[in-house]
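Visitor: Kindly return the folded structure for what I paste below:
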Amino acid sequence: MHKRLFLWIGLLLTILACNMGSSAPTPTSNLLATLAASTPLSGNPAATAGVVSTPMFNAATPVPTALFLSTVSVPTSSSTIQPRGKIVFTCQIFKVQASNQICIINADGTGFRRLTTDSNVQHYYPSLSPDGYSVVYAAFRESNVYEIYEMNIASGNVKQLTNKLGILNAPEISPDGKYIVFKHSTGASNKNAIWIMDRNGENAGNIPRAFGWDPTWSPDGKYILFASDMDGSIQLYTIRVNGKELKKISNLPAIRGRSDWSPDGQFIVTYSGEPWNREVYIMNFDGSGARILSPTGGNSQGPSISPDGQWVAFTAYFDHPGDDHGCEIYIMRVDGTDLRRLTSNDYCDYQPRWGQ
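Guide: Numbering: from 1, shown residues only. Predicted structure coming up:
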């Protein structure tokens, strides 16, 4: 009797357990809720940028890949791209401006060498040709006369492109390699103007209404970015090569001049600030959204963007603050991270220009 009772009870429990297992719904994963719980919320986008939070999903539930990629922050390609190309710059080897030279270094800090050879002449404002085979720069010839030269980097052969036009500097070859833009002034008027000429130095003349200095080409070769005080304070302007569409784009205090345009034409870098307190700024191509890019405290200036748009080279004094001969060439990523020093000399290295 007792044995039969126990058998009936066991059978009843087995039936109840089976019914409970077959009628209970299978747990499903709420993807959005899981992502929200696993990704910390922050008012600072940098707090979560580049961090992938991997939630625990039910192995039986397929994950919508497109939704996962659009919701979770993933590292950008810039974090893995290393600096490439070459950087030319003015090197004050003899610690006097009257003997400035032109030097070059690979973007990874290797291959430093001096390019110019005349130790008794000032050379400055170098920039690389679009193909990276040559460098153009200005050099002293005589009182109130600086000429523009082009040097073949491999052979060292130098060609003089101008002949007593005045005080010329900041030459830069157009993206298509056909023209050179530069700053022109004369000792008599000391009025700075933006000029343009053929690559071989012929047909030199001013760009109408472009009064200023430190010109640089837009990536498409249609516009020139330059600094000017034509409206009072020094600001950045853009203008078409034919002198049309003059526009002031910046509104920063104490801009100096040397600036650069990103290869995709979407943003501009420049520098601003009082002496020994300057910083590199980045802004949209129309001047909006300006913000400090460089780590503060380095008296950073003269920025130049890498050909791939991922890095910025500039001059700074991070390791030798307050030392007149302490400026070195540094690079950083376009988001202001990964600061690296390329040069380490007991003299000033400045006016970097990045190229292929």
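Visitor: where does the stretch 51-200 of the chain have low pLDDT?
Guide: 51-78 (pLDDT under 70).
Visitor: can you give me the helices in it?
Guide: Assigned by DSSP state H, counting those that start in this stretch, the stretch 51-200 of the chain shows helices spanning 65-71.
Visitor: ok, now how distant is residue 296 from residue 277?
Guide: Plainly put, residue 296 is 9 Å away from residue 277 if you go by Cβ to Cβ, to the nearest Å. To be clear about C-beta, it is placed using only N, CA and C from the backbone, and glycine gets the same treatment.
Visitor: Settle it for me: which of the two has more neighbours?
Guide: Neighbour tally, residue 296 and residue 277, criterion other Cβ atoms under 10 Å: the higher count belongs to residue 277, 13 against 9.
Visitor: so who does that one touch?
Guide: Residues near residue 277 by Cβ atoms under 8 Å, 6 or more residues apart in numbering: residue 299.
Visitor: pretty sure it belongs to a helix, no?
Guide: No: checked against DSSP: H, G, I helix; E, B strand; the rest coil, residue 277 lies outside a helix; its state is coil.
Visitor: And the pLDDT for it?
Guide: As predicted, residue 277 sits at a pLDDT of 96.
Visitor: repeat for the one 4 residues further on
Guide: Looking at residue 281, its pLDDT stands at 98.
Visitor: Check which helix or strand it maps to.
Guide: Assigned by DSSP states H and E, residue 281 belongs to strand 279-284.
Visitor: Just give me how far that strand sits from the chain centre.
Guide: How far strand 279-284 lies from its chain's middle: 9 Å, per Cα atoms, centre = their mean, to the nearest Å.
Visitor: which residues sit against the following helix or strand past that strand?
Guide: Next helix or strand after strand 279-284 toward the C-terminus (DSSP H and E): strand 291-292. Residues from elsewhere that reach strand 291-292 (Cβ under 8 Å, 6+ apart): 279, 280, 281, 282, 283.
Visitor: circling back to that earlier point, and the strand holding residue 281, what other elements does it pack with?
Guide: Applying 3 or more Cβ pairs under 8 Å, 6 or more residues apart in numbering; DSSP states H and E, one finds that strand 279-284 contacts strand 267-272, strand 291-292, strand 311-316.
Visitor: Let me know which of the ones you listed is the nearest to residue 300.
Guide: When the helices and strands packed on strand 279-284 are compared by Cβ to Cβ, strand 311-316 sits nearest residue 300, at 4.2 Å.
Visitor: What separation is there between the closest residue to residue 82 other than its chain neighbours and residue 308?
Guide: Leaving aside its sequence neighbours, residue 82 sits nearest to residue 108 (Cβ to Cβ, 6 or more residues apart in numbering; 6.9 Å). Per Cβ to Cβ, residue 108 is found 14 Å from residue 308.
Visitor: Looking at the two now, which is surrounded by more residues?
Guide: When residue 108 and residue 308 are compared on other Cβ under 10 Å, the one with more neighbours turns out to be residue 308, at 16 against 13.
Visitor: Spell out which residues are contacts of both of residue 108 and residue 308.
Guide: Shared contacts of residue 108 and residue 308 (Cβ under 8 Å, 6+ apart): residue 84.
Visitor: Residue 194 against residue 212, yeah?
Guide: Yes: counting by Cβ atoms under 8 Å, residue 194 touches residue 212, with 6.1 Å between them.
Visitor: Look at the two and report which has more neighbours.
Guide: Legend: neighbour count by other Cβ under 10 Å for residue 194 and residue 212, higher for residue 194 (27 against 23).
Visitor: Look up the residues forming beta bridges with the more buried one.
Guide: Taking DSSP bridges as the rule, residue 194 bridges to residue 183.
Visitor: Identify the residues contacting it.
Guide: 181-184, 206-207, 210-213, 215, 224, 226, 239.
Visitor: And residue 243, by the same measure?
Guide: The contact partners of residue 243, taken as Cβ under 8 Å, 6+ apart, are 207, 208, 209, 210.
Visitor: Next: residue 156.
Guide: Contacts of residue 156 (Cβ under 8 Å, 6+ apart): 115, 117.
Visitor: I'd like the distance between it and residue 93.
Guide: Distance from residue 156 to residue 93, by Cβ to Cβ: 17 Å.
Visitor: and if you look at residue 351?
Guide: In this view, residue 351 and residue 93 are 14 Å apart by Cβ to Cβ.
Visitor: Residue 291 now?
Guide: 35 Å.
Visitor: how close does residue 248 sit to residue 209?
Guide: Computed as Cβ to Cβ, the residue 248 to residue 209 distance reads 12 Å.
Visitor: next one: residue 81
Guide: In terms of Cβ to Cβ, residue 81 sits 39 Å off from residue 209.
Visitor: Equivalent analysis for residue 249, please.
Guide: In terms of Cβ to Cβ, residue 249 sits 15 Å off from residue 209.
Visitor: swap in residue 313?
Guide: The value you get for residue 313 to residue 209, if Cβ to Cβ is used, is 31 Å.
Visitor: When the two are compared, which one has more neighbours?
Guide: residue 313 (28 against 15).
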